[in-house]
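J.: Here's my sequence, what's the structure:
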Amino acid sequence: SGLSTLFLNVGLQNGALLRIVVDSVTGDMSDTRTRYLGPRPVKLFRVKMQGRDAVLCVSSRSWLSYSYQSRFHLTPLSYEVLEYASSFASEQCPEGVVAIAANTLRILALEKLGAVFNQQAIQLQHTPRKFVIDLESSNLVVIESDHNALTAQTRMDRKQQMAEEMLEAAGEEEKEAATQMAEEFLAEDLPDATFSAPKPGAGMWSSGIRLLDPIQGSTLELVPLDQNEAALSIGIVEFSCRPNERFVVVGTVKDMALSPRRCAGGFLHTYQLLDEGRKLHLLHKTPIDGIPGCVHPFQGRVLISVGNLIRIYDLGKKKLLRKCENRMLPNFVVSIQSMGGRIFASDIQESIFYLKYKSKENQLLVFADDTLPKWVTCMCILDFNTVAIGDKFGSICVVRLPAEVQDNVEEDPTGNRALWDRGVLNGSSQKVEVICSYYVGDTILSLQRSTLIPGGAEALVYTTLGGAVGTLVPFTSREEIDYFQHLELYMRSEHPPLCGRDHLHYRSYYHPVRNVIDGDLCEQFNSLEPSKRRTVAEDLDREPTEVSKKLEDMRTRYAF
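T.: Residues are numbered from 1 along each chain as shown. A predicted model of the protein is given here:
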């Protein structure tokens, strides 16, 4: 490499890759780093990339190991399984790879080396708002809607109206010319991508429900909604009264104004998934008196939020039947999730609420909430007592129900006592504790528990409005926490931000940073000058290579 270090790469039969540093004078081997690539035996091939030596590793999928900015990268390739490969160079392809895939010979050019994720864009008619996955067919049901837009039917009606007005305005001598102009006007189809769509004004909505095959990228069915009816929420439900059948419940709103939020009413569209999840059949529309914020399946029924209300509905023959209701949430419910009989609901302005459904009394009771207001955009359940919250101001918090509340929650939240044993803040006598808090710097749009690599540990993945994808990973030992806390402390002093702002103040922008270590700051250790790197490593009683290895091990345990 550029640092005159000799590396030995070893592919093992069990699918692991070893990278070992070899002393160029004595031949001693040290600093062994291991990475699991796949279930098949690993084959290694030397290739040229960006004018330097790189290693192409072939297992159940192909990986490229290369050095960039004093750091080794092991990036998966989005391509078919390769059997054999070799470096290839020509005038058209100066840095390429010739490879065998199945019974074909292929010449490849590797592009976008820094891109970790492979993506494919599918053009939709409107802006996608939410989607759900049908687990049996792996198809997506997407709701899409646009404000200040017209549906295709309304546009055709308006064009027809304009053509008739042209004919009415023409005199007897101009009748033939006006008829020809009207026919040309009706036949003209100007693409919206080039000429933009007509803007009818505020309060006009165009929306649709799309059944999508993500593997083929094809639309199986598109259900357009009426003019000024916008789809806001969606969920796939299996009702206990109709077992082994899957239904899609879509919440729509009529004539919605954004600020202040108001509407002329809403509907709950209930569709049945037919033909192995490839077709939508409308069963009925249920009118409601508010904005349906979210839909969530719950114990063979469905939980639906209508404004600040949470209701339980069951399937009926002509409409959904309301079974239970809670009116205790303050503003607008943006998300509902459940685990067992416990329901987690987030308010748009007042953080999170814990609810308990008592089936015998048919009651929904709020038994715990938060002390600090948070403008929640998304949440993710971590365990029975713990929830991660993302808000519109760019903070991620993890809240947990205290241990002493656990037994009381299951035995004591009776409706009678809740009337007088209510606290003065948000109405519940029991409060959650904030155990983690961290400022990301951009509006959080989604939180999801996921594994990003085969055989990797589970991480909390978040996405932001600006297009960033990040992960929050748990520490497994107290030693790791102390190690990275000290590394972050030394990096704050040795590598301050370019504009001089204090790092601790930035990560504590709205709430004090708590129990979260900035991995982005720690990763910058490899980009420090050698003298500063040595200084930080000495403060940690480590060698610089040991610190780099620890950072790489922490990253590759959860991601690339």
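J.: drop to CA atoms for contacts and neighbour counts, all remaining ones
T.: OK.
J.: On the three-state scheme, M554 is what?
T.: helix (DSSP: H, G, I helix; E, B strand; the rest coil).
J.: neighbours of it, just the number please.
T.: Applying other CA atoms under 10 Å, we find 15 residues neighbouring M554.
J.: State the distance from it to Q216.
T.: Going from M554 to Q216 by CA to CA, to the nearest Å gives 35 Å.
J.: Over to Y483?
T.: Applying CA to CA, the value for Y483 to Q216 is 47 Å.
J.: Repeat that for Q160.
T.: Where Q216 is concerned, Q160 sits at a distance of 37 Å (CA to CA).
J.: quick one, which of those two is more surrounded?
T.: Q160 (16 against 7).
J.: for that one, helix, strand, or coil?
T.: With three-state DSSP as the basis, Q160 sits in helix.
J.: didn't it look like it was pressed against L186?
T.: Yes - the pair Q160 / L186 is scored as a contact, 7.0 Å apart, by CA atoms under 8 Å.
J.: Can you name the element that comes right after the helix or strand of the chain with the lowest mean pLDDT?
T.: Lowest mean confidence among the helices and strands of the chain (mean pLDDT, DSSP states H and E): helix 415-420, at a mean of 46. Toward the C-terminus, helix 415-420 is succeeded by strand 433-439 as the next helix or strand (DSSP states H and E).
J.: Show me the helices in the chain, by range?
T.: Along the chain, the stretches classed as helices by DSSP state H are 152-169, 175-187, 192-195, 405-411, 415-420, 478-494, 503-507, 519-523, 530-539, 544-556.
J.: would TSV of the ones you listed with distance to V513 be doable?
T.: Shown next, in TSV, are the helices of the chain (distance: least, CA to CA, whole Å):
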stretch	distance to V513
helix 152-169	49
helix 175-187	60
helix 192-195	44
helix 405-411	25
helix 415-420	34
helix 478-494	13
helix 503-507	6
helix 519-523	14
helix 530-539	23
helix 544-556	21
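J.: And the closest residue to I288 other than its chain neighbours, how close does it get to F484?
T.: Closest residue to I288 apart from its sequence neighbours, by CA to CA, 6 or more residues apart in numbering: G266 at 5.1 Å. Between G266 and F484 the distance is 51 Å, computed by CA to CA.
J.: what's the answer for T154, then?
T.: 60 Å.
J.: Looking at those two, which is more packed in?
T.: Set T154 next to F484 and count neighbours by other CA under 10 Å: F484 wins out with 20 against 14.
J.: Hmm, the more buried one is touching I517, no?
T.: Yes - judged on CA under 8 Å, F484 makes contact with I517 at a distance of 7.2 Å.
J.: Show me where the stretch 451-560 of the chain dips below the pLDDT cut-off.
T.: For the stretch 451-560 of the chain, applying pLDDT under 70 flags the ranges 560.
J.: if we go to 50?
T.: Along the stretch 451-560 of the chain, no part satisfies pLDDT under 50.
J.: Tell me where the stretch 151-300 of the chain has strands.
T.: 205-213, 218-224, 229-237, 247-254, 266-274, 279-288, 292-298 (DSSP state E, counting those that start in this stretch).
J.: I'd like those strands written out as TSV, with distance to E172, mean pLDDT and mean neighbour count added.
T.: Below are the strands of the stretch 151-300 of the chain laid out as TSV (distance: least, CA to CA, whole Å; pLDDT from 0 to 100; neighbours: other CA atoms under 10 Å):
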stretch	distance to E172	mean pLDDT	mean neighbour count
strand 205-213	39	94	23
strand 218-224	40	93	15
strand 229-237	42	95	25
strand 247-254	44	95	25
strand 266-274	48	94	21
strand 279-288	49	94	16
strand 292-298	54	94	24
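J.: any idea how far the residue nearest to E238 when sequence neighbours are not counted lies from L135?
T.: Spatial nearest neighbour of E238, excluding adjacent residues (CA to CA, 6+ apart): R246 at 5.1 Å. Distance from R246 to L135, counting by CA to CA: 10 Å.
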